[in-house]
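Asker: Sequence and predicted structure, then a few things I'm wondering about:
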Amino acid sequence: MQIRESAFYRLPITEWPESERPREKLMQQGPHRLTDTELIAILLRSGTGGHSAIETARELIVKAGSLQQLAQMDYNEILHLKVKGVGITKAVTVAAALQLARRLQSASHQIPDQIVHSSNDVALIYGPRLRDLKKEIFMVVMLASNNKIIKDAQISEGILNASVVTPREVFRAALLTSAAAVILIHNHPSGNLEPSREDIQLTHQMVTVGQAMNIPVLDHLIIAGDKYTSFADKGLL
């Protein structure tokens, strides 16, 4: 839903009608009635040097490119936007709030004793956690014999496509949880859905080791933005 920005944006917030001020508006009308700018302004709490929190929030979103691009930034990247009035504390606050939003979206698809039936089940849970990251993260999801998720673990963190993963790390995590099977997941910050030659080689290596250890690799998902690729669905296992 598109929410119209207030006609009072150019005035100091203290001169706005109380019902139009972001905090009061949220309390009286609910958060769904606020624009992205107003919600960010509440996180910032105040402006600086003649700039209201609303103006500061708007500049933050404009310099980031969009709310979605802002959500992809860590606090250092938010600081580097050089928005007047946004120091370490406010940058950390914004980064933390947007991270919570991603975790909430992921948690909304995960229930206690979650059993996965398809690649889409896995993508709904882990996609929101990985899709906006600037670094490539490699994870392993441990499953019980009925495909119930026991636990997940981050195995490596790299710069873009430079993750380094070994079967020893992956299957050590599986052995520690007595997993019956595993699913591999990593993200492509570039947004490219196609598995690289290294991705395919690594997957085949993991499948071979898993067969030898009687801990099969059921799938390998690549998360790229809001989409994903499943090695199992594509017949690449």
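Answerer: The structure has been received and is ready for your questions.

Asker: Buried residues of the helix or strand harbouring Val122, list them for me.
Answerer: Assigned by DSSP states H and E, Val122 belongs to helix 119-130. Residues of helix 119-130 classed as buried: Ser119, Asp121, Val122, Ala123, Leu124, Ile125, Tyr126, Gly127, Pro128, Arg129, Leu130 (neighbour count, 16 or more other CB atoms under 10 Å). (C-beta placed from N, C-alpha, C; glycine too.)

Asker: now the residues you listed in TSV, with distance to Gln72 and pLDDT?
Answerer: Listed next are the buried residues of helix 119-130 as TSV, based on distance: CB to CB, whole Å; pLDDT from 0 to 100:
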residue	distance to Gln72	pLDDT
Ser119	24	95
Asp121	25	92
Val122	22	94
Ala123	18	93
Leu124	20	89
Ile125	19	88
Tyr126	17	91
Gly127	14	90
Pro128	12	84
Arg129	13	84
Leu130	11	88
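
Asker: still on that earlier bit, and for the helix holding Val122, what's in contact with it?
Answerer: 102-103, 105-106, 109-110, 114, 116, 137, 139, 141, 149, 152, 183, 185-187, 219, 221, 223, 226, 228, 230, 232-233 (CB atoms under 8 Å, 6 or more residues apart in numbering).

Asker: Longest helix in the protein, please.
Answerer: When the chain is parsed with DSSP state H, its longest helix is helix 88-107.

Asker: Report pLDDT for the residue nearest to Asn192 when sequence neighbours are not counted.
Answerer: In space, and not counting its chain neighbours, Asn192 is closest to Ala224: 6.0 Å by CB to CB, 6 or more residues apart in numbering. Looking at Ala224, its pLDDT reads 93.

Asker: I'd say Ala224 and Ser196 touch.
Answerer: No: using CB atoms under 8 Å, Ala224 is not in contact with Ser196, being 11.7 Å away.

Asker: who's more crowded, the two?
Answerer: The neighbour count for Ala224 versus Ser196, taken as other CB atoms under 10 Å, is higher for Ala224 (19 against 12).

Asker: Show me the chain divided up by domain.
Answerer: 13-105, 112-230 (automatic domain parsing).

Asker: what comes into contact with the longest strand along the chain?
Answerer: Looking across the chain with DSSP state E, the single longest strand is strand 149-159. Residues outside strand 149-159 that contact it (CB under 8 Å, 6+ apart) are 110, 114-116, 125-126, 135-144, 163-165, 169-170, 173, 177-179.
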